[in-house]
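Peer 1: Sequence plus the predicted model coming up.
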Amino acid sequence: MKRLSRYRRHKAAAPLLLVIALLAIGTTFSVASASVKQSSTTFARTAAIDEGKQIFLKGCSSCHGLNAEGGAVAPSLIGVGAASVDFQVGTGRMPMADMSTQAMRKKPVYDAEETAKLAAYVASLAPGPAVPEDAVLNYERDGSTAEGGELFRNNCAMCHNFAGQGGALTQGKYAPTLMGVEPKYIYEAMITGPQSMPVFSDKTITPAEKLSIIKWIKAAEAEPNLGGASLGRVGPVTEGLLGWVLGLGLLIGVAVWLATKAR
Amino acid sequence: MTNVEKKLGSVANYVDERTGAAAWMKKNLTKVFPDHWSFMLGEVCLYSFVILLLSGTFLTFWFDPSQREVTYEGSYAPLQGLKMSAAYASTLHISFEVRGGLLMRQIHHWAAIIFMAAIVGHLLRVFFTGAFRKPREFNWILGVGLLTLGIVEGFLGYSLPDDLLSGTGIRIAEAIIQALPVVGSYLAFFAFDGAFPGEAFIPRIFTVHVLLLPGAFLALITIHLMLVWYQKHTQFPGPGRTEKNVVGYPLMPTYMAKAGGFFFIVFGVIAFLSAVASINPIWLYGPYTPGQISAGSQPDWYMGWLDGLVRMAPPIETHAFGHTISWNILIPGLIVPGILFTGMALYPFIESWFTGDKREHHLLDRPRNAPNRTALGVMSLTFMMVSLINGGNDIIATHFDLTINQIMWGTRFGIFILPPIAFVITKRLCLSLQRADRDLVLHGTETGRLLRLPHGEFVEVHAPISPEKAWTLTSHEQLPALELTETDARGVRRPGAIKNKLRARMSKAHAVSVPKVSADDLKQIEHH
């Protein structure tokens, strides 16, 4: 301890402590807020409407009503289709953890089988978009990356950002990042239009085009950062921040060093 | 004399006999420059400008400044087969096929970011230390001009690749031109040779970006440096430093080595950033088409404050005599920046007007010793920071779990409320620091050694500060406020009473200070 305290008035002590403190806070934060890994679900097709209804009554009806007719805080689910349920429940958005502005992606509460039963129940109420089958989702074979990019920039980038990193909407709503989202859920989001998102019907964007968009998103996700650290792929804000903090910061550090008188 | 020395001597003699350079070199190579880290911010600007020239020249070898439509057949798969402008395609070519091209592009862009940051840092140093005072007012104006040119030049560079982001920026620039009352739409047609986006704008701004503005930069930087040379560099107050001398090291060899080495350090830092951090990944943005836009479209940071001001403006328009006046763009996009930059350029004259100080100043002020000026500077910075924050409102909203509306309304009020608060706090801090200086001179530094007196009292031993430090802390002058009476000696009201009143008020505010330690104070303390 005595050894350490000898250096407490050293010139480098304050900057060093600052760096240590920042690192400590950063590490603590990133450990504490480590994102929950999405557990992959495989779609099971053995759903019984009755079982689905039981799950619905226990977990969903307090907001969506006993017959899914909706209520003061939640919309009616009649006619939303199985795809909508699969998206909302499968990505953990439903049931909501709290009454915030927007349901966010989290660890799903129901497993694949329960989700399928819920979807079967809601689909039985009125016709709606069905969960796309795996055979339909062969985007690697049926999609085109370049065309998908063009469609993405025309239809998606204004909310989800040019690289699918997500963006802010009004009043605290947001377009979530598309990185790490299963192709099935991207497809379902386009056909059901969850939350603030519009519905992109098959007339607006054909199924083949949807697959192209998915292919482009998956290509963007897999693309290595060609120019070095990506800085979040959110444009010039982080670039300016790094330029000031690291760029000019380093240069000022050197200038201070150069202007120090030799002893 | 060795053989080599003889040979060198005869070469030098040959040159001197024909140019007379020896006398000039002898005088100028021994020129003395003072030493302080903040004096090197201007050097960072100069060196990053040199890097910009070099890397920019490299980029012009392959860049095709044309909006001619081509089909991309390069090596970046996700864009293959798309129609795009030749400008964008050639930027992709530089990034992916030209050896070292992506690194050069990133060096060019990072150098621009650091160039502008260093200009602002340099400007702050000059402002807060009062280095703009007589005889350096012209150089201050040149500096403001260089800053303005830098913003324009940077924006044009950001616009050239014709990617989705740059096209969005050009679209906003067009809107700002159109916001000019009456002539706006004609000017926009003139600039774009017809309707947006047209095919003329990128070739035109290319000429401006690589020829006109760099030429203007070279000329202005030369004059800027010649004035520094002629007027000599300012220095911080200290023992042996006066208004009539410069204390420091000679250009040759000390500064030649330091400045030469520093150039390579600046180049090194920029190259390092460019090697490890991506900037402006245009291949991700995609080619520009007017129908597309990305969330989080921002300008580079030095335009961010302008974008922030436009983003916070409430939607107000008036229609008169068949013309629409868009106040929501006109005020934040043209009027406010116009006032800010004019005020900044004129500040040296304004200050000397209300202080009545027309003398030459070569010794710098410590910022705390000019509380009013320091507070004014921090106030302006606060204004800029608030607008800059709103410029990044969407990114801040998603990353800090806020809403765009909160940030917009926060900055709408903040832009009026926070700068005055910053002014008051800074002024008080400066005065407190003056008080601390006074204490230091009178009572010395705390040593951390505690003494127990015979009757049990504990005291901390204070060590007197060195005479040099005491000199540094007390050598500044504290000018009294101007005495501007409303009437002259015969009781007749002076002309321009309102102007005089304003001048007297500003002068009084400027003169507020904690009295520095005088010789009498010191005698008294010795007396105890």
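Peer 2: Yep, that arrived.
Peer 1: Strands of the chain, start to end?
Peer 2: No chain specified, so I'll use chain A. Secondary structure of chain A (DSSP state E): strands located at A:167-168, A:174-175.
Peer 1: Switch to chain B, please.
Peer 2: Using DSSP E, strands in chain B cover B:32-33, B:69-71, B:83-85, B:249-250, B:317-320, B:323-326, B:445-452, B:458-463.
Peer 1: In CSV: those, plus distance to chain A and mean neighbour count.
Peer 2: The way it works is simple: take the backbone N, C-alpha and C, and place the C-beta from them, glycine included. Listed next are the strands of chain B as CSV, based on distance: least, C-beta to the nearest C-beta, whole Å; neighbours: other C-beta atoms under 10 Å in any protein chain shown:
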stretch, distance to chain A, mean neighbour count
strand B:32-33, 11, 19
strand B:69-71, 11, 13
strand B:83-85, 9, 20
strand B:249-250, 10, 14
strand B:317-320, 21, 10
strand B:323-326, 22, 15
strand B:445-452, 9, 10
strand B:458-463, 14, 11
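Peer 1: How much space separates the residue nearest to residue B:251 when sequence neighbours are not counted from chain A?
Peer 2: Once flanking residues are discounted, residue B:251 sits nearest to residue B:31: 4.9 Å by C-beta to C-beta, 6 or more residues apart in numbering or on different chains. Residue B:31 is 18 Å from chain A, where distance means C-beta to the nearest C-beta, to the nearest Å.
Peer 1: hang on, isn't residue B:31 packed against residue B:229?
Peer 2: Yes - with contact defined as C-beta atoms under 8 Å, residue B:31 and residue B:229 form a contacting pair (7.4 Å).
Peer 1: which ones are touching the spatially most central residue of chain A?
Peer 2: Computing the C-alpha centroid of chain A and ranking residues by C-alpha atoms, centre = their mean puts residue A:177 first, at 3.8 Å. Contact partners of residue A:177, counting by C-beta atoms under 8 Å, 6 or more residues apart in numbering or on different chains, are A:160, A:164, A:165, A:166.
Peer 1: pLDDT score for residue A:115?
Peer 2: At residue A:115, the pLDDT value in this model is 92.
Peer 1: Tell me how many other residues surround residue A:158.
Peer 2: Using other C-beta atoms under 10 Å in any protein chain shown, the number of residues around residue A:158 comes to 16.
Peer 1: what about the nearest residue to it once chain neighbours are set aside, how many neighbours?
Peer 2: Using C-beta to C-beta, 6+ apart and skipping residues adjacent in sequence, the residue nearest residue A:158 is residue B:293, 4.9 Å away. The number of residues packed near residue B:293 is 18, by other C-beta under 10 Å.
Peer 1: surely residue B:293 meets residue A:157?
Peer 2: Yes - with contact defined as C-beta under 8 Å, residue B:293 reaches residue A:157; the gap is 6.9 Å.
Peer 1: Common neighbours of these two, please.
Peer 2: Counting by C-beta under 8 Å, 6+ apart, the shared contacts of residue B:293 and residue A:157 are residue B:164.
Peer 1: want to throw the contacts of residue A:177 into CSV with pLDDT, distance to residue B:52 and neighbour count?
Peer 2: CSV is the format used below for the contacts of residue A:177 (pLDDT from 0 to 100; distance: C-beta to C-beta, whole Å; neighbours: other C-beta atoms under 10 Å in any protein chain shown):
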residue, pLDDT, distance to residue B:52, neighbour count
A:160, 95, 34, 23
A:164, 93, 32, 26
A:165, 94, 29, 24
A:166, 93, 33, 19
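Peer 1: so which of the strands of chain A comes closest to residue B:465?
Peer 2: With C-beta to C-beta, the closest approach to residue B:465 among the strands of chain A belongs to strand A:167-168: 53.2 Å.
Peer 1: just checking, what packs against that closest one?
Peer 2: strand A:174-175, helix B:393-399 (3 or more C-beta pairs under 8 Å, 6 or more residues apart in numbering or on different chains; DSSP states H and E).
Peer 1: For the shortest one, which strands pair with it and how are they oriented?
Peer 2: Same thing as strand A:174-175. Strand A:174-175 pairs in its sheet with strand A:167-168 (antiparallel), by DSSP bridges.
Peer 1: Just the mean pLDDT for the partner strand, thanks.
Peer 2: 92.
Peer 1: can you check stretch A:141-153 too?
Peer 2: Stretch A:141-153 comes out at a mean pLDDT of 93.
Peer 1: check whether that stretch contacts chain B.
Peer 2: Yes - contact of stretch A:141-153 with chain B (C-beta under 8 Å from any C-beta of the partner chain) involves A:145, A:146, A:149, A:150, A:153.
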